[in-house]
Every structure is written in C-alpha cells, then in structure tokens.
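[1] What follows is a protein structure lacking sequence information:
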C-alpha cells in the first residue's frame, strides 16, 4: 500500500509539474518547485499516517476518481473538475511566468499561500480521523459498514473536506504568484456546493441517520454562513 501511495503521488506530482513548467516555458520558477515540494511532503505525511491508522480509507483515497459505484452525475463532475484543474495550472503558468500578465505578488502573500496549502492538508487529517468513509467519490460504502460521521469537524459543518479545499484553492494561486489564478476559487466553490447538495440527497436517501444529522448540523462549509 505504501509503495502504491508513493508511486501514485510521484506520478501525480510529475504530471502537475509538466503542466506548470510546460505552461511557464521554463524550469526557473522557484514558487512552483516549492509548491510541488510542499505537496510531496504533505501527501507523504498524511498518506503514511493513513497507512498506519486507517489503511482501508487510504485504499479508498488511492482508488480511481471514476468508479462504477458512482452516480452518473458524480462521474461527470469528477471529469469536469479534473479538466478544470489542468486548465487552471496551465493558466497560472502562463500568467505568472510565460506572459507575466499579473504584477508580482509580494512575498508575504506567497507565504500566506504556502500556509493555506499546509492548512488544507492539516485540516484533512482531522477529517480522516473522524470519517473513515471520506472517499474522493460520492458513493455508499456498504461493504465497509458505512455510517454517518458526526464527530470532530463534522460536528460543525457537514462537508469539512470541502471547506479545507476552499483554503487550498485560494492558497495555490497565491503561492504560485498568479492573480489570474484567483478567478478559479469562486467557480470551484460553486461547483463543490453543487456537488455537496447532490451528495446530501444521496446520503439522506441511502444512509441511515443522515437526515437526522442534517437537522443537527445546519451548515455545509462554513458555520453561520452556508
């Protein structure tokens, strides 16, 4: 399992590097190297933690993003978000390095971006500790005895991993030095909100106790906001 984690992480990081540096037209982009290094270290950290504490969840996290058990709408969503992600990385490479459409970001904002990336992964650890069924795809994991998660961050919001992703979506363009990259987070937030509503419909209809959980925890992403 650990070998698979390392291989998949390296392959994904290499693919991201090709998109970023290919769009930038140069390897002399320190922010992108730092971004990939930070992701590599954090991914290995949380992956090794999962391998020790919840290998079944790690197996789910390493599974393909498109699966037969998914609803058709979620398969389409994953394809769309994957395509948008690739386009986003290319846009930021064009903006920050090749064409330099944006004015340079101050160092403190780029440091804030690095902090946001770290906070996202750090928050995800609390999510994984509270919810052993936090798969990347929307499905009922009946073979694993799927139950409602209502402790930890789930006691405050119904989708804490999506909340963590919002932090990541803001941090990435800040760290990479791309003002244009900041146009994507609102769109991605809307997409995740769309998915969250449909995910809740599926869980309310198929997972015992989820409707009662929704009544107890009112907010989806951010307490007192939505």
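    Okay, I see it. All figures in this text were calculated on a predicted structure; none of them were measured in a lab.
[2] The nearest residue to residue 101 once chain neighbours are set aside: neighbouring residues, count only.
    Spatial nearest neighbour of residue 101, excluding adjacent residues (CB to CB, 6 or more residues apart in numbering): residue 95 at 4.8 Å. Yep, even glycine has a C-beta here, placed from its N, CA and C like the rest. For residue 95, the tally of surrounding residues (other CB atoms under 10 Å) stands at 22.
[3] Equivalent analysis for the one 4 residues further on, please.
    By the measure other CB under 10 Å, the count of residues near residue 99 is 13.
[4] do residue 30 as well
    Close neighbours of residue 30, defined as other CB under 10 Å, add up to 9.
[5] Let me see the confidence value for it.
    pLDDT, residue 30: 97.
[6] and the gap between it and residue 107?
    Residue 30 sits 11 Å away from residue 107, going by CB to CB, to the nearest Å.
[7] returning to that earlier point: dihedrals phi and psi, the residue nearest to residue 101?
    phi -70, psi -50 (degrees, to the nearest 10).
[8] where along this protein do the helices fall?
    Under the criterion DSSP state H, the chain contains helices at 2-24, 30-53, 55-62, 72-93, 107-130, 160-176, 184-206, 210-216.
[9] Let me see the contact set for the residue nearest to residue 101.
    Counting by CB atoms under 8 Å, 6 or more residues apart in numbering, residue 95 makes contact with 101-102, 178-181.
[10] Now the buried members of these.
    102, 178-181 (16 or more other CB atoms under 10 Å).
[11] Could you check how far the residue positioned nearest the centre of the chain is from residue 18?
    Taking CA atoms, centre = their mean, the centroid of the chain lies closest to residue 165, which sits 4.7 Å from it. Residue 165 sits 23 Å away from residue 18, going by CB to CB.
[12] repeat for residue 67
    26 Å.
[13] So these two - more neighbours on which side?
    residue 67 (16 against 11).
[14] doesn't residue 137 make contact with the more buried one?
    Yes. Taking CB atoms under 8 Å as the definition, residue 67 is a contact partner of residue 137 at 5.5 Å.
[15] Nearest approach to residue 149 belongs to which of the helices of the chain?
    Closest of these to residue 149 is helix 107-130, at 5.4 Å (criterion: CB to CB).
[16] and the angle for that closest one with helix 55-62?
    For helix 107-130 against helix 55-62, the angle by axes from the mean of the first three to the mean of the last three CA atoms, to 10 degrees is 130 degrees.
[17] List of residues touching helix 107-130?
    By CB under 8 Å, 6+ apart, helix 107-130 touches 31, 34-35, 38-39, 42-43, 45-46, 49-50, 53-54, 57, 134, 149, 151-154, 160-161, 163-165, 167-168, 170-177.
[18] Kindly give a single PyMOL line that selects the buried subset of these.
    In PyMOL, a selection of the buried entries from the contacts of helix 107-130 looks like this (16+ other CB under 10 Å):
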select buried, resi 31+34+35+38+39+42+43+46+50+54+57+134+149+153+154+160+161+163+164+165+167+168+170+171+172+173+174+175+176+177
